[in-house]
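Asks: sequence and predicted structure below; questions after.
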Amino acid sequence: MSSQTSFFKSVENYVDKAAAYTDIPRGLVEQIKACNLVLQIRFPVRIGNDYEVIEAYRVQHSHHRMPTKGGIRYAESVDQDEVMALAALMTYKCALVDVPFGGAKGGIKINPAKYTTEQLQNITRRYTAELVKKNFIGPGIDVPAPDYGTGPREMAWILDTYQALRHGEVDSIGCVTGKPVTQNGIRGRAEATGRGVYYGLRECVSHEGDMKKIGLTTGMAGKTMVVQGLGNVGSNTALISQQEGDVKIIGISEREGSIYSANGINVEKLLAFRKDTGSIIGFPGTEHIGDAQAALEIACDILVPAALENQITSANADRIKAKIIAEAANGPVSADADPILLKKGIVILPDFYINAGGVTVSYFEWLKNLSHHRFGRLENRFQHNAFERIVTKVEEMTGKSISDREHEFLTRGGTEIELVNSGLEDTMITAYQQIRETFLQHPDIHDVRTAAFVCSLKKIAGDYISMGIFP
Ligand code: GLU
C-alpha cells in the first residue's frame, strides 16, 4: 500500500469525482461511500509447539442490497484500509454488472506459502467460526468467495465449517461461492474472472471510433498483450485471449521476473513449464528482461495487471507504453498514477468493471445453490426435442438433409457451462454499453473509470431512493 493516499480514500476520491456528474444529494453520496460494518478479528492458531495470533477482517461495505458479497484474500498486505477499499469496490462492481448484492471483502494477514495445508485449514475454519459467531456469514447475510491467495479448496473448508455449525439450514450451500464443482460449485467459476476480462476487452475494442482515437483497429485478433501475474485471473485472461481471441501475448511477469518475446508466448506451454521448473525464466524463445515490474513497461496494445494493487504508481506511470490497461487485479493503478496515464491517452478499463466476471458467476452459483438444481437440468432435454422437431420439419420442407454433426450442433440444449458463459458474456457486454451510454450523456467525462462510477452510483442511489430512505 502506497504511503501517500490510503487505498480506501482513493476509492472515495473516485466516487466524489463521479458524483459531481450526478444530482445525487450529498448526504446520500456520503452514505453510499461509508463502510457499514467492519469486523476486526484476532484469533490463535497452533503452529508447531506454539501459538500464533492471526489478524483477520471482514468488511460489509453496503447493505443497500442483501446479501453482501466479496472474496477473502490471504496476503501479507492485508490491513483494515485495504479490506475496506476492496469491499467498497465490490459494491460498485456488483451495481455495475447488475448483480443484486452489497459489497463486502475479507482478509487474513498471512503469507499462505509459509503454512502447511493443515495449518491453512485450521486458520480457515477458525476464521469461518468467528464469522458465524458474529453473524457475518450466511446465504442471506454475507457470502464470501475466493480472492488473492484463496481458491475452491478454502471455499470447501468454509462451507463444511458453516454446515457443521448451522446444521439443517436448507440453503446453507449458498453461504459461500467459488466452491469446487463437486461440492455445490458451478462450472465456469474458476476461469470466470479471466473470461470476463476477455469479454470486456473484446467489447471495448469492437467500437471503431473509440479505437481510432488511440490508433488501434477493431477486433482482438493480432493485438499484442502483456500480462502481469499468472495466478487464476492472469493465467485465464492470457489463455482465453490467446486461444479464443487470437491475441499475441508478448510479455508475462511473475514473482521471479518478466519475460518477453516479440513472436508471442504460448501460454499453455509456459504454464506447464512453470509447473515443472517453478519459474517462467528460461522459457524457450523468450528473453528475461528484468524483475516482476519490468513487463509493465513493454510497448503493447493491451496491458493486463493481474496481481495486486499499486503496481502502476507515479514512479513508473510515465514509462507505461500500452494503449489500453485492463485492471484485472483490484486497484493495480494507484490514484496518483491514474491522471498521468490518462494524460498519455491510455484507456483504462477499471477493475470494478473489467474483473467483474468472478462475482457475476458467483451470483449464478448462488442462484444455483438456492434453487437446488443445476442450470439446464430441467430444460435441456425439452429444448433438444423441440429443436429436433424444427430441424426435421425444415428437412422435410426443403427436401434437403444435413450432416449428423450439424444436426447434433443445431439440436443441442444448453449445458451448465454454456449457460454460465453466455450469461457472463451478456453481462460484460451490457455493462460496457451502459458505460458508453454514460459517455454519450456526459461529453465532459473523459475516462472510463468516472463513467463507470457514474453508472454504479446512479443505480445504488436509485435503490436507496426507492427504499424511501432518501427523498
Ligand atoms: N474476489 C473476487 C472479486 O474481487 C470475486 C468476488 C465474489 O465472487 O464474490 O471480485
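Replies: Nice, thanks for sending it over.
Asks: gap between stretch 218-227 and the chain center?
Replies: 20 Å (Cα atoms, centre = their mean, to the nearest Å).
Asks: pull the residues that contact that stretch.
Replies: 198, 201-202, 205-208, 211, 216, 234, 237-238, 241, 245-253, 295-296, 298, 300-304, 306, 322 (Cβ atoms under 8 Å, 6 or more residues apart in numbering). Using the backbone N, CA and C atoms, a C-beta is placed for each residue, glycine as well.
Asks: CA atoms only for it - export them in CSV, please.
Replies: Presented in CSV, the C-alpha positions along stretch 218-227 are these (Å, rounded to 0.1, in the frame of the first residue of the first chain):
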residue,chain,number,x,y,z
THR,A,218,-11.1,-3.1,-34.1
GLY,A,219,-11.0,-6.7,-33.0
MET,A,220,-8.8,-8.8,-30.7
ALA,A,221,-7.0,-10.8,-33.3
GLY,A,222,-3.4,-9.9,-33.6
LYS,A,223,-3.4,-7.3,-30.7
THR,A,224,-0.3,-7.5,-28.5
MET,A,225,-0.9,-8.2,-24.8
VAL,A,226,1.3,-8.2,-21.7
VAL,A,227,0.1,-9.9,-18.5
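Asks: give me the buried stretch members for it, please.
Replies: 218, 220, 223-227 (16 or more other Cβ atoms under 10 Å).
Asks: same list (these) but as CSV, adding pLDDT, secondary structure and distance to residue 392.
Replies: Listed next are the buried residues of stretch 218-227 as CSV, based on pLDDT from 0 to 100; DSSP: H, G, I helix; E, B strand; the rest coil; distance: Cβ to Cβ, whole Å:
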residue, pLDDT, secondary structure, distance to residue 392
218, 98, coil, 40
220, 98, coil, 38
223, 98, coil, 43
224, 98, strand, 48
225, 98, strand, 45
226, 98, strand, 51
227, 98, strand, 47
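Asks: for those residues, which one is nearest the ligand?
Replies: Nearest to the ligand out of those is residue 227 (Cβ to the nearest ligand atom; 17.5 Å).
Asks: how far is stretch 285-302 from where the chain is centred?
Replies: Taking mean C-alpha positions (Cα atoms, centre = their mean), stretch 285-302 and its chain are 23 Å apart.
Asks: for that stretch, how far is the first residue from the last?
Replies: For stretch 285-302, the first and last residues are 21 Å from each other (Cα to Cα, to the nearest Å).
Asks: counting by contacts, list what the longest helix along the chain packs against.
Replies: Of all segments of type helix in the chain, defined using DSSP state H, the longest is helix 416-441. In terms of contacts (3 or more Cβ pairs under 8 Å, 6 or more residues apart in numbering; DSSP states H and E), helix 416-441 is packed against helix 80-96, helix 192-204, helix 351-354, helix 357-371, helix 448-466.
Asks: those: which one's closest to the ligand?
Replies: Short answer: helix 357-371, nearest of the helices and strands packed on helix 416-441 by Cβ to the nearest ligand atom, at 3.2 Å.
Asks: got the buried residues for that closest one?
Replies: For helix 357-371, using 16+ other Cβ under 10 Å, the buried residues are 357-366, 368-369.
Asks: for residue 67, what are its contacts?
Replies: 101-102, 138-143.
Asks: and it, what pLDDT?
Replies: You'll see residue 67 listed with a pLDDT of 98.
Asks: so what's the residue of the chain found nearest the ligand bridging to?
Replies: Residue of the chain nearest the ligand, by Cβ to the nearest ligand atom: residue 71 (2.6 Å). Going by DSSP bridges, residue 71 is paired in beta bridges with residue 145.
Asks: okay, now it: neighbour count?
Replies: 26 (other Cβ atoms under 10 Å).
Asks: tell me where the model's unsure across the protein.
Replies: The chain contains residues with pLDDT under 70 at 1-4, 470-471.
Asks: quick check: buried residues in stretch 175-190?
Replies: So, applying 16+ other Cβ under 10 Å, buried residues of stretch 175-190: 175-179, 184-190.
Asks: re the thing from before, dump the buried residues of stretch 218-227 to JSON lines, plus distance to residue 34.
Replies: Output for these, formatted as JSON lines (distance: Cβ to Cβ, whole Å):
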{"residue": "218", "distance to residue 34": "41"}
{"residue": "220", "distance to residue 34": "39"}
{"residue": "223", "distance to residue 34": "40"}
{"residue": "224", "distance to residue 34": "42"}
{"residue": "225", "distance to residue 34": "38"}
{"residue": "226", "distance to residue 34": "37"}
{"residue": "227", "distance to residue 34": "35"}
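Asks: what sits against the most centrally placed residue in the chain?
Replies: With distances taken as Cα atoms, centre = their mean, residue 355 lies nearest the centre of the chain, 3.2 Å away. Shown in contact with residue 355 (Cβ under 8 Å, 6+ apart): 93, 193, 196-197, 233, 327-330.
Asks: rerun that using 7 Å as the cut-off
Replies: Counting by Cβ atoms under 7 Å, 6 or more residues apart in numbering, residue 355 touches 193, 196-197, 233, 327-328, 330.
Asks: tell me the residues of this structure that contact the ligand?
Replies: 69-71, 145, 147, 177-178, 330, 355, 358-359, 362 (Cβ under 6 Å from any ligand atom).
Asks: which of those lies closest to residue 277?
Replies: residue 147 (27.2 Å; Cβ to Cβ).
Asks: isn't the closest one up against residue 73?
Replies: Yes: between residue 147 and residue 73 a contact is recorded at 4.0 Å, counting by Cβ atoms under 7 Å.
Asks: name the residues contacting each of the two.
Replies: Common neighbours of residue 147 and residue 73 (Cβ under 7 Å, 6+ apart) do not exist.
Asks: before we move on, back to that, nearest to residue 16, out of the helices and strands packed on helix 416-441?
Replies: Taking Cβ to Cβ, helix 448-466 is the member of those nearest to residue 16, at 9.4 Å.
Asks: so which residues make contact with that closest one?
Replies: Outside helix 448-466, the residues that reach it (Cβ under 7 Å, 6+ apart) are 14-15, 17-19, 21-22, 24, 28, 31-32, 64-65, 91-92, 95-96, 347-350, 352-353, 434-435, 438-439, 442, 445, 470.
Asks: on that earlier part again, can I get the contacts of residue 355 in JSON lines including neighbour count and distance to residue 271?
Replies: As requested, the contacts of residue 355 are exported to JSON lines (neighbours: other Cβ atoms under 10 Å; distance: Cβ to Cβ, whole Å):
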{"residue": "193", "neighbour count": "31", "distance to residue 271": "16"}
{"residue": "196", "neighbour count": "30", "distance to residue 271": "20"}
{"residue": "197", "neighbour count": "32", "distance to residue 271": "17"}
{"residue": "233", "neighbour count": "28", "distance to residue 271": "14"}
{"residue": "327", "neighbour count": "26", "distance to residue 271": "22"}
{"residue": "328", "neighbour count": "32", "distance to residue 271": "16"}
{"residue": "330", "neighbour count": "25", "distance to residue 271": "23"}
